[in-house]
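Q: Have a look; sequence and predicted model below, questions after that.
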Amino acid sequence: MKRIALTGGIAEGKSTVLGYLRDLGIAVESSDHIVSQLYENDSVLSELRAELAIEGPVTREIVRNLLQKRPEIFQTLNRIFHQRTLDRILKSSAQVVEVPLLFETCIQAQFDRVWVVTCGVEEQRRRLLSRYENESVAEQMLERQLPSRVKCAFADVIVRTNRSEASVLAFVARWVKEEFV
């Protein structure tokens, strides 16, 4: 079975493209969804509570806010989540897996092909600012990821989402036929 990694930067349209693929009948999985599931795992929550010195309930929002105040905990979060997420990806029967930090975690060899979703730097910033409304938070998020222009250099397919929805959907549908038919 061919497996494709779908990657790109934050706010560039990965989830939208993943939804298009799902609607086209492709089995998909999302690293973000896996991480959400891990936030429901008692041992993960206990580890987060202990490692980050959090009293009370642990939620993604609490951890995100803590990360903004203490960027050094990013490595702790990576240590807690990355291997667990990779283990679930490898067990998944999905044909396409959304992996935002594909190259940052050096797992691209686990896939046959790489699709990079991008919308361009200015559109990405605009989308990110509309989502978070805080320029310093947006910049922090962008700094943690490899720029999409670098990811594009390693792409088998580049999906540009700064076009009309119909155009992006048609492009994805054409590549689904190319990859899976």
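A: Thanks, I have it. Numbering: from 1, shown residues only.

Q: Could you look up the SS state of Thr105?
A: Three-state assignment for Thr105 (DSSP: H, G, I helix; E, B strand; the rest coil): coil.

Q: Pop out the phi and psi values for Val114.
A: With angles defined as degrees, to the nearest 10, Val114 sits at phi -130, psi 130.

Q: For whichever helix in the chain runs longest, buried residues please.
A: Longest helix of the chain, by residue count under DSSP state H: helix 74-91. By 16 or more other CB atoms under 10 Å, the buried positions in helix 74-91 come out as 76-77, 80-82, 84-86, 88-89. Every residue, glycine included, has its C-beta placed from N, CA and C.

Q: Check which helices and strands it sits against.
A: Contact analysis of helix 74-91 by 3 or more CB pairs under 8 Å, 6 or more residues apart in numbering; DSSP states H and E lists helix 31-38, helix 42-52, helix 60-69 as its packing neighbours.

Q: Give me the distance between Leu128 and Leu101.
A: Look at Leu128 and Leu101: by CB to CB, to the nearest Å, they are 16 Å apart.

Q: go on, Asp42?
A: 25 Å.

Q: For the two, indicate the residue with more neighbours.
A: A count of neighbours by other CB atoms under 10 Å puts Leu101 above the other of Asp42 and Leu101, at 16 against 7.
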